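S.K.: predicted structure and sequence below. I'll ask about it afterward.
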Amino acid sequence: MAQTIDCDKIKELSAKYPKLKEINYTYGTAGFRMKAEYLESVIFRVGILAGLRSRKLDSKFIGIMVTASHNPEADNGVKLVDPSGEMLEQQWESYATQLANAQSDDELINVIKSVISQNGIDESKKASVVYARDTRPSGPKLIAALEDGIKAISAVGENLGIKTTPQLHYFTYYLNYCEKPTEGSCDELADKVYYEKFSKAFQKAVGDNQRLSDIYVDAANGVGAPKLKDLAQWIDKLNDNIFKVTIINDDTDTRGKLNFQCGADYVKTGQKPPLALNLACEQRAASLDGDADRIVFYYVDEDGTFRLLDGDKIAALSAGFIIELVKTACLDISVGVVQTAYANGSSTAYLERELAFPVSCVPTGVKHLHHKAQEYDVGVYFEANGHGTVLFSSKALDKINSDGSRTTEQEKAIKKLQALTELINQTVGDALSDLLLVESILINRQWTFKKWNSVYTDKPNRLVKVVVADRQIFKTTNAERTLVEPNGLQEKIDKLVAQYKDGRSFVRPSGTEDVVRVYAEASTREDCDQLAFKVAGLVYDEAGGTGGRPSEFL
Ligand SMILES: CC(=O)N[C@H]1[C@@H](OP(=O)(O)O)O[C@H](CO)[C@@H](O)[C@@H]1O
Ligand SMILES: [Mg+2]
């Protein structure tokens, strides 16, 4: 008789992690994310769900990442990763929410049984999961809860220890689809295959070109610091004169430092460098976030102005380079770009009008961008905040990797494209892979940051948070650019927007924080700030603002 789930074992282990009655959990854009102390029961149950998903998918490894990315150090979170390294399938997000909210152990068992029957899961199959965490102090305790969940569902778990989120995504794919050497721990192997792959591809992508000036990388005092250090050493071993990086904010030991006044989110939101980084004119710098899946670049120009090269600029740089190679190689491959409403209006205009790319706008959250990008032969997607990657379809890969008689120039372009397909982490946006991608393009083009920045000029923009009593009352449509509810609010926003030249503003509830976000852009900084302030004030006054009313920008 086929083995069935061991309800007693589940109940016994679950008793260690009772659900907090008052909390309603939701698997949102970033999985589950909140104060770490509320997460033990959730993470225990995520272990169970991963086991079920693995059984459903022929015992393939399911990935689990424990991280809260750019959130404050006291927060934590968890995300599930599907076998090919992509984000969890949508239907299973709702199972995750149902499991997390089961109030009693009996209810938990019922949800498990219902997932099993709805999916026709063979309970006797082997279940395999692979998991990692970032550097947060709450990580070890949550990993212990996860391991109990894995045990409860009788799955086999591979612990990768401390990794970046994209490393976990890549290694989940690797375990399922690449040949795995038998010796050595998975923890070490995950680092080795990652460093080897990306350092070699970088070497290939830069070719014989001259290196550029040194670059400072702010690692947000997170996991990106040790991993980038190792990766840079691997690159050095292949070519010690091509990439000189100085890592700052690399303290992963001192409490309270993670993401504090540093990191990609701080820099992008504040449009200023991390604290304690005094940039000389045109000194190149970049910031990662706490789990190293996002990156933004920046410098200060002659008159002291801070210049941010965000996800939109990364998309423009990479799409522009790729299309040039595709054209030189005379390949019949379409390249499209996917953005969200937060993309700067100038970037969309540049991509559509000057580079003639098809550009789509989708709701916030990488999964939406990723899915849309899969519709192109080559899909370039980046959120403005610096999270993104490039996807090469199998059609594109076949054409890039096929043999044929070619001119020397075409051959060179093909080789570069091949190198890019290896250099880009196609499972998910990856700050370290994106850093190398940008660096290799700039090296090929011999471009300074200033030159890169000059491809188009960002419209002044502003992102504001408004705290309201209930953000769930905000409902949007049109890829989140239009409010449907609260009733009548969109018309009022439209009236404000119409008062500003090139004005654009939209309002949506955050999926990761208990706030409503207001975005505004206009042709001048003054207009933009005024528009953002007015829309934020409108939201506060008309939709249950609490705490302080948004203040004007100084
Ligand atoms: C404006 C903004 O940057 N929003 C971020 C943020 O989502 P919100 O739903 O806006 O809280 O976190 C997401 C997950 O990291 C990221 O995908 C998204 O881009
Ligand atoms: Mg992140």
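M.R.: Now that the structure is in, tell me what you want to look at. Ligands and ions are numbered 1, 2, ... in the order given.
S.K.: tell me how far the ends of stretch 347-362 are from each other?
M.R.: Start and end residues of stretch 347-362 are separated by 15 Å (CA to CA, to the nearest Å).
S.K.: could you shift the numbering so residue one becomes 39, and keep it that way?
M.R.: Understood, numbering begins at 39; the last thing we discussed is stretch 385-400.
S.K.: buried ones in it, by neighbour count?
M.R.: By neighbour count with 16 or more other CB atoms under 10 Å, stretch 385-400 contains the buried residues 385-386, 388-389, 393, 395, 397-400. All C-beta spots, glycine's among them, are computed from the backbone N, C-alpha and C.
S.K.: repeat for stretch 362-379
M.R.: 363-364, 366-367, 369, 371-379.
S.K.: same question for stretch 552-567.
M.R.: Neighbour count says stretch 552-567 has 554-560, 565-567 buried, by 16+ other CB under 10 Å.
S.K.: pick out the residue in the stretch 139-288 of the chain sitting closest to ligand 2.
M.R.: T203 (6.0 Å; CB to the ion).
S.K.: where's that residue relative to ligand 1, distance?
M.R.: Distance of T203 to ligand 1, computed by CB to the nearest ligand atom, to the nearest Å: 10 Å.
S.K.: count the residues that sit near V545.
M.R.: 26 (other CB atoms under 10 Å).
S.K.: parallel or antiparallel, list what pairs with whatever helix or strand it lives in.
M.R.: Using DSSP states H and E, V545 sits in strand 542-547. Strand 542-547 has its sheet partners listed here by DSSP bridges as strand 554-559 (antiparallel).
S.K.: against which helices or strands is the next helix or strand after the partner strand packed?
M.R.: Of the helices and strands lying after strand 554-559 in sequence (DSSP H and E), the nearest is helix 563-580. Packed against helix 563-580 by the contact rule (3 or more CB pairs under 8 Å, 6 or more residues apart in numbering; DSSP states H and E) you find strand 499-504, helix 527-535, strand 542-547, strand 554-559.
S.K.: interface residues of the stretch 439-588 of the chain facing ligand 1?
M.R.: 548-551, 555 (CB under 6 Å from any ligand atom).
S.K.: just the stretch 89-238 of the chain next, same as before
M.R.: Within the stretch 89-238 of the chain, the positions adjacent to ligand 1 are S107 by CB under 6 Å from any ligand atom.
S.K.: for the stretch 89-238 of the chain, which spans come out with low pLDDT?
M.R.: Counting by pLDDT under 70, the ranges of the stretch 89-238 of the chain that qualify are 219.
S.K.: now with 90?
M.R.: 217-223 (pLDDT under 90).
S.K.: once you drop chain neighbours, what's closest to the residue of it found nearest ligand 2?
M.R.: Scanning the stretch 89-238 of the chain for the residue nearest ligand 2 gives S107, at 3.2 Å (criterion: CB to the ion). Spatially, and ignoring its direct neighbours in sequence, S107 is nearest to D329 (4.8 Å; CB to CB, 6 or more residues apart in numbering).
S.K.: tally up the residues packed near Q129, please.
M.R.: Around Q129 there are 10 residues (other CB under 10 Å).
S.K.: report the secondary structure state of it.
M.R.: helix (DSSP: H, G, I helix; E, B strand; the rest coil).
S.K.: can I get the helices and strands packed on helix 563-580 in a markdown table including mean pLDDT?
M.R.: What follows is the helices and strands packed on helix 563-580, written out as a markdown table (pLDDT from 0 to 100):
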| stretch | mean pLDDT |
| --- | --- |
| strand 499-504 | 92 |
| helix 527-535 | 98 |
| strand 542-547 | 98 |
| strand 554-559 | 97 |
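S.K.: need these in a markdown table (columns: distance to ligand 2).
M.R.: Formatted as a markdown table, the helices and strands packed on helix 563-580 follow (distance: least, CB to the ion, whole Å):
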| stretch | distance to ligand 2 |
| --- | --- |
| strand 499-504 | 17 |
| helix 527-535 | 29 |
| strand 542-547 | 19 |
| strand 554-559 | 17 |
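S.K.: can you tell me which of these is most buried?
M.R.: strand 554-559 (a mean of 25; mean count of other CB atoms under 10 Å).
S.K.: ok, and what's touching that strand?
M.R.: With CB atoms under 8 Å, 6 or more residues apart in numbering as the test, strand 554-559 has contacts from 379-380, 382-383, 497-506, 509, 512, 540-548, 566-567, 569-570, 573-574, 577, 581, 588.
S.K.: how about the residues of this protein near ligand 2?
M.R.: 107, 327, 329, 331 (CB under 5 Å from the ion).
S.K.: wasn't the residue nearest to S107 part of a helix?
M.R.: No: assessed with three-state DSSP, D329 is coil; it does not lie in a helix.
S.K.: contacting residues for it?
M.R.: Counting by CB under 8 Å, 6+ apart, D329 has contacts 103, 105-108, 172, 202-203, 260-262.
S.K.: got the end-to-end distance for stretch 539-551?
M.R.: Per CA to CA, the first residue of stretch 539-551 is 31 Å away from its last.
S.K.: measure how buried S152 is and give me the count.
M.R.: S152: 12 neighbours (other CB under 10 Å).
S.K.: and what of V283?
M.R.: Count around V283 with other CB under 10 Å applied: 18.
S.K.: can you map out the helices along the stretch 39-188 of the chain?
M.R.: 45-52, 78-94, 128-139, 143-157, 177-190 (DSSP state H, counting those that start in this stretch).
S.K.: oh sorry, the question was meant for the stretch 239-388 of the chain
M.R.: Under DSSP H, counting those that start in this stretch, the stretch 239-388 of the chain gives helices at 262-276, 302-308, 349-366, 383-387.
S.K.: quick one: buried residues of the longest one?
M.R.: Neighbour-count burial for helix 349-366, with 16+ other CB under 10 Å as criterion, is recorded at 349-361, 363-364, 366.
S.K.: if anything else comes up later, I'll come back, but that's it for now.
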